[in-house]
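J.: take a look and give me a structure for this.
(one chain, ligands or ions: 1)
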Amino acid sequence: MTATWAVTAEGLVKRFGERPVVGGVDLRVPSGAIYGVLGPNGAGKTTTLRMLLGIIEPDAGHRTLLGEAVPREASDRVGYLPEERGLYPTMKAREAVAFLGALRGLPLSEGRRRATDLLDRVGLGHAVDEKIRKLSKGMAQLVQLLGAIVHQPELIVLDEPFSGLDPVNQEKLEALIVGERDRGATILFSTHVMAHAERLCDRLAIIAGGKRRFEGTVDEARATLPSRVHYLPRHPAPGIAALLPADAVPEGDGGWRFTLPDAGVEPVLLPLIAAGHGIAGLTIERPSLHEAFVRIVGDHAGHDRSAGENRA
Ligand SMILES: Nc1ncnc2c1ncn2[C@@H]1O[C@H](COP(=O)(O)OP(=O)(O)OP(=O)(O)O)[C@@H](O)[C@H]1O
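T.: Numbers count the residues shown, from 1 in each chain. Below is the predicted model:
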């Protein structure tokens, strides 16, 4: 049966001691989507993923994984890159990938065949017979990631998969994630780097302070902040400020910046043109996901920072 939702969670709660680290998170990850769980350090992303996978039990709430109410029953259909990286240092790269696949039910011979192709795809074809301890940290991380997808799981869960990778390997990983989605898999990954989420996510949730603060598409997240207008008059002259919106501020280049009014920019421009100021330049700047994230988590960042410090 193909579930509409690869993952669902309702009111997930986890306490460590007295402190609720996850305080009632709801999630619905559509099958076949790339879904990002975004949040600052200490927000509760890893704890949430671990509860979804059945690695730890929630103190309250319900979740389903590929339609299973007991997540472990779906484990052969899931691939997982945990936050803690680690492979047997004496194992060779191809063997390590095949071994991780075998843990999820893939025959070793098939795992080795697929491992060779996968390693080639990420530019590690030369390292198939290299021992893990001889690989760089980033290369070993890619090997571990291939081990999470070699059995072609329906759901791939990646905890901060981009951290520790150089820009070239980050691009390879992005391509790999898109390739897996195109194969039909669902990808759920956590990150606090907005650029990857902005490029990859079909949908995303932002959690901070153990609570979900936003759920939707990247565009919907960006639309939580108004767009800004940069207007450069052709003929700046005294009195122009009176024709501009109240929040307009002058810029060093002779232009003005203001919030895009609900009615659009035209009602602002028409009087400026009529008064002879003209238009030498006009840009409507949409907020980035980074800016939306900072605003959405802003109120809760202090709490999350102190939580992160507690752990260190
Ligand atoms: N086993 C544990 N015992 C006690 N506290 C824990 C445990 N695991 C996590 N925490 C605390 O729970 C909070 C959330 O941690 P978690 O790792 O889920 O956050 P995160 O969003 O993944 O953070 P990061 O981006 O820094 O990895 C942190 O304050 C952390 O110290």
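J.: contact partners of stretch 210-225?
T.: Stretch 210-225 has contacts (CB atoms under 8 Å, 6 or more residues apart in numbering) with 20-27, 43-44, 197-198, 201-207, 286-289, 291-293, 295-297, 300. Every C-beta, even on glycine, is put in place using the N, C-alpha and C of the backbone.
J.: how about that stretch, does it reach the ligand?
T.: No: Stretch 210-225 stays clear of the ligand (CB under 6 Å from any ligand atom), getting no nearer than 7.3 Å.
J.: so how far is that stretch off the chain centroid?
T.: Mean C-alpha position of stretch 210-225 versus that of the full chain (CA atoms, centre = their mean, to the nearest Å) differs by 12 Å.
J.: using PDB, list the CA coordinates for stretch 154-169.
T.: Taking Å, rounded to 0.1, in the frame of the first residue of the first chain, the C-alpha atoms of stretch 154-169 are listed here in PDB:
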ATOM      1  CA  GLU A 154      11.200   4.300   0.400                       C
ATOM      2  CA  LEU A 155      12.200   6.800   3.100                       C
ATOM      3  CA  ILE A 156      15.600   8.400   3.600                       C
ATOM      4  CA  VAL A 157      16.200  10.300   6.900                       C
ATOM      5  CA  LEU A 158      19.300  12.400   7.000                       C
ATOM      6  CA  ASP A 159      20.400  14.200  10.100                       C
ATOM      7  CA  GLU A 160      22.400  17.300   9.200                       C
ATOM      8  CA  PRO A 161      23.800  15.600   6.000                       C
ATOM      9  CA  PHE A 162      25.600  18.700   4.700                       C
ATOM     10  CA  SER A 163      27.700  19.500   7.800                       C
ATOM     11  CA  GLY A 164      31.300  18.600   7.300                       C
ATOM     12  CA  LEU A 165      31.200  18.500   3.500                       C
ATOM     13  CA  ASP A 166      33.000  20.900   1.200                       C
ATOM     14  CA  PRO A 167      31.000  22.900  -1.400                       C
ATOM     15  CA  VAL A 168      31.700  20.400  -4.200                       C
ATOM     16  CA  ASN A 169      30.600  17.500  -2.000                       C
END
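J.: contacts for the lengthiest helix in the chain?
T.: Secondary structure of the chain per DSSP state H: the longest helix is helix 167-183. The contact list for helix 167-183 (CB under 8 Å, 6+ apart) reads 32-34, 121-123, 138-139, 142, 145, 149, 152, 156, 158, 161-162, 165, 187, 189, 196, 199-200.
J.: cross the contacts of stretch 210-225 against helices and list the overlap.
T.: A197, E198, L289, E291, A292, F293, R295, I296, V297.
J.: give me the buried subset of these.
T.: When the ones in helices among the contacts of stretch 210-225 are checked for burial by 16 or more other CB atoms under 10 Å, the buried set is A197, E198, L289, E291, A292, F293, I296, V297.
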